[in-house]
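*Asks:* Got a sequence here, can you model it:
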Amino acid sequence: MKTKVVYTCRNCAFDSSKWLGKCPQCEQWNTFDQDGTLLSNNPSQQRTIKGHAREPARFNALLLMRDENERQKTGIEEIDRVFGGGIVDGSLTLITGEPGIGKSTLILQIAEKLSIQGKNVLYISGEESDRQVALRGKRLGLKLQEVSFLGETLIETIIASAQESKSEFLIVDSIQVMYSDAIPSSPGTVTQVRTCTEKLMHFAKSSGVTVLIIGHVTKDGTLAGPRVLEHLVDTVMYVEGSRTYEARLVRCVKNRFGSVSEVGVFEMTGEGLKPVEHPSEFFVEHLEELPVGAALTMNFEGTRPLLFEVQALTNKTVFGYPQRTSRGIDSKRLQLLIATLEKHLNVSLGQYDIYVNVVGGYNIQDPSADLAVCSAILSSLRQSALPHKSISVGEVGLIGSIRMPKNLPQIKKECARMQLKTALSANTTLSEWAKNTFKK
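*Replies:* Numbers count the residues shown, from 1 in each chain. Next up, the predicted model:
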């Protein structure tokens, strides 16, 4: 058997004997990396492996068995919420996010909470030395005395060490620097990342050890390595946020053991990531009295209602083409809402620069925030503040209609708890809403 150089797409793991500018499978550009794989075209050198028959089990017998997949509480309520109640034994979880967003800090806090519960935790770091990890833990004020540490990048050694130490939780930071001796390529290549993840997956399923791995993302925000990496793991969690804001969101985009609609809200502090008890108040700057150009809206993340403040600024343009800038709101969505306001409210916005921002750095994707964007724009344009403790919820259509979200009863219940007033109670038109809201 000989070593043959192949080129592998880092996006979909498609192999080619030569370098290609565009992948024929996923149609992405400049995604091929040189790799080395053991290949042989000689049929005489290929082995025929014969499998051994195993007796399958019936589901009715499996359902009568005691549930071995009990969830383990991490001790961090926001993380348990995202997992769906806790981490399932023998599962493989991938935690990813931008550099410096707080992945290693979060995973170290999880290791501390698990060790306090008496769990045997093995922390593997291929990027930092034991002293560096200890200094970070000391800076965060964590109690890591019972956490075992190993600086290693060879995946076979890591698995053997976890078996020898009888670890219950294995943490790997990060999967991109791990490698296997069975693959003749450098760490970080598509084949190495895929092989190491497969070995960890088989180890977790066969031994019942819960494995958590950290993965990097590329400059465009996608997960580094092949997309098959997300298919191998049981759970994929993204740590989102901006390094210029304190808010951090932990979102689950794949979960074989629970829902993917829940989100955990954290605040980045000098002592690490702290769970936010009341996230509705966390993203709002002005709760009691709204200034000119500000509007409140409420979106649901899973079963949790979150209150947000949308701010807008309209200013006479000094250019031939008016500026449209948004942060936290899709820019194309903003263009549609501006055109709808001009059409159905007979307002001229072509001579104004319009800037829209969501306070706290949150990115709103729910269309029910459309009414809050329109409210903030009109408030800034007419220099008239919205009513005291009012909240604007509704999807604005191109025909000038306002559609209420399906979870309006839950929104009203949360508004009653926070002593807020909903702007609408039934479907209406944009013009009727403007007359009732801006009576001046």
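*Asks:* make it CA atoms for all contacts and neighbour counts henceforth
*Replies:* Fine.
*Asks:* Could you chop the protein up by domain?
*Replies:* Domains of the chain are assigned by automatic domain parsing as 2-43, 69-277, 281-437.
*Asks:* How far off centre is the longest one?
*Replies:* In other words, domain 69-277. Counting by CA atoms, centre = their mean, to the nearest Å, domain 69-277 is centred 14 Å from the centre of its parent chain.
*Asks:* Adding mean pLDDT, mean neighbour count and distance to residue 55, write the domains of the chain out as CSV.
*Replies:* Supplementary listing: the domains of the chain in CSV, determined by pLDDT from 0 to 100; neighbours: other CA atoms under 10 Å; distance: least, CA to CA, whole Å:
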stretch, mean pLDDT, mean neighbour count, distance to residue 55
domain 2-43, 74, 16, 32
domain 69-277, 88, 19, 17
domain 281-437, 88, 18, 41
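*Asks:* As CSV, those with distance to residue 54 would be great.
*Replies:* CSV is the format used below for the domains of the chain (distance: least, CA to CA, whole Å):
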stretch, distance to residue 54
domain 2-43, 29
domain 69-277, 16
domain 281-437, 41
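*Asks:* Any idea which of these gets closest to residue 56?
*Replies:* Judged by CA to CA, the one of the domains of the chain that comes nearest to residue 56 is domain 69-277, at 16.7 Å.
*Asks:* quick one, strands of the stretch 301-440 of the chain?
*Replies:* Taking DSSP state E, counting those that start in this stretch as the test, the strands found in the stretch 301-440 of the chain are 304-316, 324-327, 352-358, 390-391, 395-396, 401-403, 421-422, 428-429.
*Asks:* Give me the three-state assignment for the most centrally placed residue in the chain.
*Replies:* The centroid of the chain falls nearest to residue 238 when counting by CA atoms, centre = their mean (2.9 Å). Under DSSP: H, G, I helix; E, B strand; the rest coil, residue 238 falls in the strand class.
*Asks:* Pull up the gap between it and residue 193, please.
*Replies:* As judged by CA to CA, to the nearest Å, residue 238 and residue 193 stand 18 Å apart.
*Asks:* Doesn't residue 110 belong to a helix?
*Replies:* Yes. Remark: residue 110 belongs to a helix, assigned using three-state DSSP.
*Asks:* which residues touch it?
*Replies:* 74-76 (CA atoms under 8 Å, 6 or more residues apart in numbering).
*Asks:* list the contacts for residue 398?
*Replies:* 336-337, 340.
*Asks:* quick one, phi/psi of it?
*Replies:* In terms of degrees, to the nearest 10, the main-chain angles of residue 398 are phi -70, psi -20.
*Asks:* Renumber starting at 17 from here on
*Replies:* Okay, residue one is now 17; in that scheme the one you just asked about reads as residue 414.
*Asks:* quick one: it and residue 446, what's the gap?
*Replies:* Residue 414 is 10 Å from residue 446, where distance means CA to CA.
*Asks:* could you dump the contacts of residue 126 to CSV with distance to residue 386?
*Replies:* Converted to CSV, those look like this (distance: CA to CA, whole Å):
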residue, distance to residue 386
90, 37
91, 37
92, 34
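*Asks:* Name all residues that make contact with residue 283.
*Replies:* 262-264, 289-292.
*Asks:* So which of the residues you listed are in helices?
*Replies:* Among the contacts of residue 283, none falls in helices (DSSP state H).
*Asks:* so residue 45 bridges to which residues?
*Replies:* residue 38 (DSSP bridges).
*Asks:* From the contacts of residue 283, pick the one nearest residue 154.
*Replies:* Using CA to CA, residue 289 comes nearest to residue 154 of the contacts of residue 283, at 14.5 Å.
*Asks:* surely the closest one meets residue 281?
*Replies:* No. If you go by CA atoms under 8 Å, residue 289 and residue 281 don't touch, sitting 9.4 Å apart.
*Asks:* Which neighbours do the two have in common?
*Replies:* Applying CA under 8 Å, 6+ apart, one finds that residue 289 and residue 281 are jointly contacted by residue 264.
*Asks:* Which residues does stretch 340-347 contact?
*Replies:* By CA under 8 Å, 6+ apart, stretch 340-347 touches 350-351, 369-374, 377-381.
*Asks:* Hmm, I typed the wrong one, I wanted stretch 320-327.
*Replies:* 278, 295-297, 299-302, 309-316, 372-375, 388-389, 392-393, 427, 430.
*Asks:* thinking residue 360 is in contact with residue 413, fair?
*Replies:* No. Taking CA under 8 Å as the definition, residue 360 is not a contact partner of residue 413, at 10.7 Å.
*Asks:* In the stretch 317-456 of the chain, mark out all the helices, start to finish.
*Replies:* Listed in chain order, the helices of the stretch 317-456 of the chain (DSSP state H, counting those that start in this stretch) span 347-361, 386-398, 424-433, 446-453.
*Asks:* Let's have those helices in TSV, adding distance to residue 121.
*Replies:* Formatted as TSV, those follow (distance: least, CA to CA, whole Å):
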stretch	distance to residue 121
helix 347-361	33
helix 386-398	35
helix 424-433	32
helix 446-453	46
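*Asks:* Tabulate the strands of the stretch 317-456 of the chain (CSV), appending distance to residue 193.
*Replies:* Below are these laid out as CSV (distance: least, CA to CA, whole Å):
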stretch, distance to residue 193
strand 320-332, 37
strand 340-343, 34
strand 368-374, 37
strand 406-407, 48
strand 411-412, 46
strand 417-419, 49
strand 437-438, 51
strand 444-445, 56
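*Asks:* wait, which of the ones you listed is closest to residue 38?
*Replies:* So among those, strand 340-343 is nearest, using CA to CA, at 32.4 Å.
*Asks:* quick one: that closest one to chain centroid distance?
*Replies:* That offset, for strand 340-343, works out to 23 Å (CA atoms, centre = their mean).
*Asks:* That strand: partners in the sheet, and parallel or antiparallel?
*Replies:* Assessed with DSSP bridges, strand 340-343 is paired to strand 368-374 (parallel).
*Asks:* Can you name the residues in contact with the partner strand?
*Replies:* 324-333, 338-345, 380, 389, 393.
*Asks:* again, only this time at 10 Å
*Replies:* Strand 368-374 is contacted by residues 299-300, 309-312, 324-335, 337-347, 350-351, 354, 379-380, 389, 392-393, 396-397 when judged by CA atoms under 10 Å, 6 or more residues apart in numbering.
*Asks:* Check the contact between residue 293 and residue 92; I expect there is one.
*Replies:* No. Taking CA atoms under 10 Å as the definition, residue 293 is not a contact partner of residue 92, at 11.6 Å.
*Asks:* Wait, residue 50 touches residue 23, no?
*Replies:* Yes. At 4.6 Å, residue 50 counts as touching residue 23 under the criterion of CA under 10 Å.
*Asks:* okay, and the common contacts of these two?
*Replies:* Residues touching both residue 50 and residue 23 comprise 31-35, 206, with contact defined as CA under 10 Å, 6+ apart.
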